[in-house]
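1. My questions concern the predicted model and sequence given below.
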Amino acid sequence: MLLQGKNALITGAARGIGAATVEAFAAEGANVWAFARTPDPALEARCQALSARYGGWVRPLYADLADEAAVSAAVRAAMGDKLPLDILVNNAGMMGEDKVFQLTPVEEMRRLFEANFFGPVVLTQLATRWMARKRKGAVVNVASVAGLDGSSRLDYSASKAAVISATRTMARELAGAGIRVNAVAPGYTDTDMTRGLGEKVEQEAVARALLRRKGKPEEIAAVIAFLASDRAAYVTAQVWRVDGGIL
Amino acid sequence: MTNWEKYVQAFVEALEVSAEEAPALVYGQSKAWDSVGHMTLVAALEDAFDIMMEMDDIIDLSSFAKGKEILGKYDVEI
């Protein structure tokens, strides 16, 4: 199996691409800390079910990524399991409201950057120190094609562009510690987040993709799993589009 | 292993220096202790003493001697 015996921490685990990634990792033999913002009985039930189905363990871990102290406490709690950390998937994020930048208060932009950029950066600082103990690890950041191509939402696309830039800098700085850092840039993917965007946005997004359909969360998760695995041992500082072919 | 031995060992393993060289080390003044070595050293110290250092302390960790003082904050007496 692709991730047999690896220990992974996956944020945004309660739904969408994060939930699919937790399942993909468990199915590939990984143990998973399923990181979510708030205690969630549905997530806990899913963790139990995945543990039973695939034989490894899947444990919930809670913290608001905007709260540095809470993130640190959550990582300490996970470290209390006395296990190495092999993989971090920074998936959690938000999209914010659909409005032109002239009508977007800067406070809203800051909140979005907190969730999409600063929170993951803080978590990565902590997690990669944990990985550095073994001088080996893999980080996969979930960006977006909006971070590469731009979109109608300034704050969202700018925050994802920041994630992409950070991916390359992190890869540069962490290579010496044996840690690879890559990103995936999903296109329009069928999640709760995109369902709220409306039919017109969806139709336009599907029309842009050569495959003429939305992505499935599990299709994004499959690429994340590959990049996190030892099969991608010579891959770092890369951004992999998973977008159905947007040219 | 005593705390002193664990402390020296962290420098030896993280920065690939000898135990004799370790006590004189200062961040940025040797090839071994660069920014990447610094992170590896912090990870080694956290692992050796089962602590998680605050960012301010990581930044302040500028020498072998300063490190002993910082670890005191985490109830680690070297």
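-> Structure's in. What do you need?
2. just checking, what packs against whatever helix or strand A:A222 lives in?
-> Following DSSP states H and E, one finds A:A222 within helix A:217-228. Applying 3 or more CB pairs under 8 Å, 6 or more residues apart in numbering or on different chains; DSSP states H and E, one finds that helix A:217-228 makes contact with helix A:16-27, strand A:87-90, strand A:137-142, strand A:179-186, strand A:239-242. C-betas here are computed from N, CA, C, even on glycine.
3. So which of those is nearest chain B?
-> strand A:179-186 (9.5 Å; CB to the nearest CB).
4. now the closest one, how far from the chain's geometric center?
-> Relative to the centre of its chain, strand A:179-186 is centred 9 Å away, using CA atoms, centre = their mean, to the nearest Å.
5. could you give the angle of that strand to strand A:137-142?
-> Relative orientation of strand A:179-186 versus strand A:137-142 (axes from the mean of the first three to the mean of the last three CA atoms, to 10 degrees): 20 degrees.
6. Residues in contact with strand A:179-186: which ones?
-> Residues outside strand A:179-186 that contact it (CB atoms under 8 Å, 6 or more residues apart in numbering or on different chains): A:17, A:128, A:131-132, A:136-145, A:147-148, A:160, A:163-164, A:167-168, A:170-171, A:174, A:215, A:220, A:223-224, A:227, A:232-233, A:235-243.
7. which secondary element of chain A has the worst mean pLDDT?
-> In chain A, no helix or strand scores lower on mean pLDDT, DSSP states H and E than helix A:192-195, which sits at a mean of 86.
8. Report the buried residues of that one.
-> For helix A:192-195, the buried set under the neighbour-count rule, 16 or more other CB atoms under 10 Å in any protein chain shown, comprises A:T194.
9. ok so, going back, same list (the helices and strands packed on helix A:217-228) but as a markdown table, adding mean neighbour count and mean pLDDT.
-> Formatted as a markdown table, those follow (neighbours: other CB atoms under 10 Å in any protein chain shown; pLDDT from 0 to 100):
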| stretch | mean neighbour count | mean pLDDT |
| --- | --- | --- |
| helix A:16-27 | 26 | 98 |
| strand A:87-90 | 28 | 98 |
| strand A:137-142 | 27 | 98 |
| strand A:179-186 | 26 | 98 |
| strand A:239-242 | 18 | 98 |
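10. In a markdown table, list these along with distance to B:V36.
-> As requested, the helices and strands packed on helix A:217-228 are arranged in a markdown table below (distance: least, CB to CB, whole Å):
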| stretch | distance to B:V36 |
| --- | --- |
| helix A:16-27 | 28 |
| strand A:87-90 | 18 |
| strand A:137-142 | 14 |
| strand A:179-186 | 10 |
| strand A:239-242 | 23 |
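11. Nice, that's everything, thank you.
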